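**Student:** How does the following fold in three dimensions:
(4 chains)
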Number of protein chains: 2
Amino acid sequence: MAQLKENKTEDKLTRQRDAVLQVIRSREDHPTANEIFQAAREHLPTISHATVYNSLRFLREAGLVHEIKFGDGASRYDRETDRHDHAICNECGKLVDFDLPQAADLIQAAARKSKFQAASVHLTLRGICPDCRKA
Amino acid sequence: MAQLKENKTEDKLTRQRDAVLQVIRSREDHPTANEIFQAAREHLPTISHATVYNSLRFLREAGLVHEIKFGDGASRYDRETDRHDHAICNECGKLVDFDLPQAADLIQAAARKSKFQAASVHLTLRGICPDCRKA
DNA sequence: CAAATATTTAGAATTAGTCTAAATCTATAA
DNA sequence: TTATAGATTTAGACTAATTCTAAATATTTG
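**Tutor:** Residues are numbered from 1 along each chain as shown, chains lettered A, B, ... in the order given. Down below sits the predicted model:
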């Protein structure tokens, strides 16, 4: 699963990869691969499905985008790569970023309890978003 | 999404549902729907794919099992239904339960930051599990 | 330029999960 | 007990997300 990068061209930001990155950077929300594919096609009409997935893997491994996987279907992609937490609406599925530094502080305690060597921690709140609460 | 149970037979633990529940209860780990299907067939050879999914939904809504959805493929099912946290190994994908009560305590702060009405919080640690650390 | 390597493409394949319609089961009321 | 209505199960079709494959294209380097 872990791979070293040794080739010269392996770290290139090609036209397709850049188009994918620009789509993600231009959006406040967390688009799915398919939404990114649709948007990228407006600039690069021949870009393929597989290339979007390949580009997303490349950008994720390069640390340029953040992948969010909560079941509920497709992975979503986030331009925010700093550590942060997520809230998910149980009604409409909306996904919102926020940062709770106290969650980050629990990393040592979590490592101790789980016996894992910690890489990152991340808190998920489930509840009702402001819009759904109104409705 | 929320549904009230009003019919007489709707809350019955049928033979198929019970077989699925027993599979989950008999395991320390977190099987996928497909693993549960394979195991349930040993006791109930005619049970179908769809019935396993229907049973899992039923058991989840009844609070008898806990569904865990981290991308990486299929939902996993957990006999532990009390609030708890998860650690996921970045190497081998192993999923381990633990409880960090301090994470539960952050629910109010998380609700305040996200503006959501909170239902639950849950912390996810990513890192390297003890087995992979050895290897 | 030519060879080697990397990337992209289109479409097939895979996997998880849902849907459908027919068959079966269960509870109940005449 | 029998008829029937409602619930459940079944097999298989279907959908959606993602990965794989093999051929075509592009890029780098000697």
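**Student:** how near is A:L56 to A:L64?
**Tutor:** Using Cβ to Cβ, to the nearest Å, one gets 10 Å for the distance from A:L56 to A:L64. Just so you know, the C-beta spots here come from the backbone N, C-alpha and C atoms, and that holds for glycine as well.
**Student:** distance of the closest residue to A:R25 other than its chain neighbours from A:H66?
**Tutor:** Using Cβ to Cβ, 6 or more residues apart in numbering or on different chains and skipping residues adjacent in sequence, the residue nearest A:R25 is A:R79, 5.0 Å away. According to Cβ to Cβ, A:R79 and A:H66 sit 8 Å apart.
**Student:** hmm, back to that, looking at A:L56 and A:L64, which has the bigger crowd around it?
**Tutor:** A:L56 (21 against 16; other Cβ atoms under 10 Å in any protein chain shown).
**Student:** right, and the more buried one touches A:R17 too?
**Tutor:** No - in this structure A:L56 lies outside contact range of A:R17 using Cβ atoms under 8 Å: 9.0 Å.
**Student:** quick one: contacts for the residue nearest to A:V52 when sequence neighbours are not counted?
**Tutor:** With Cβ to Cβ, 6+ apart as the criterion, A:V52 has its nearest non-adjacent residue at 4.5 Å, and that residue is A:F37. Counting by Cβ atoms under 8 Å, 6 or more residues apart in numbering or on different chains, A:F37 touches A:I47, A:H49, A:V52.
**Student:** Likewise for A:Y53?
**Tutor:** Each residue near A:Y53 by Cβ under 8 Å, 6+ apart is listed here: A:A33.
**Student:** Mind naming the longest helix for chain A?
**Tutor:** Secondary structure of chain A per DSSP state H: the longest helix is helix A:49-61.
**Student:** That concludes my questions; thank you for your assistance.
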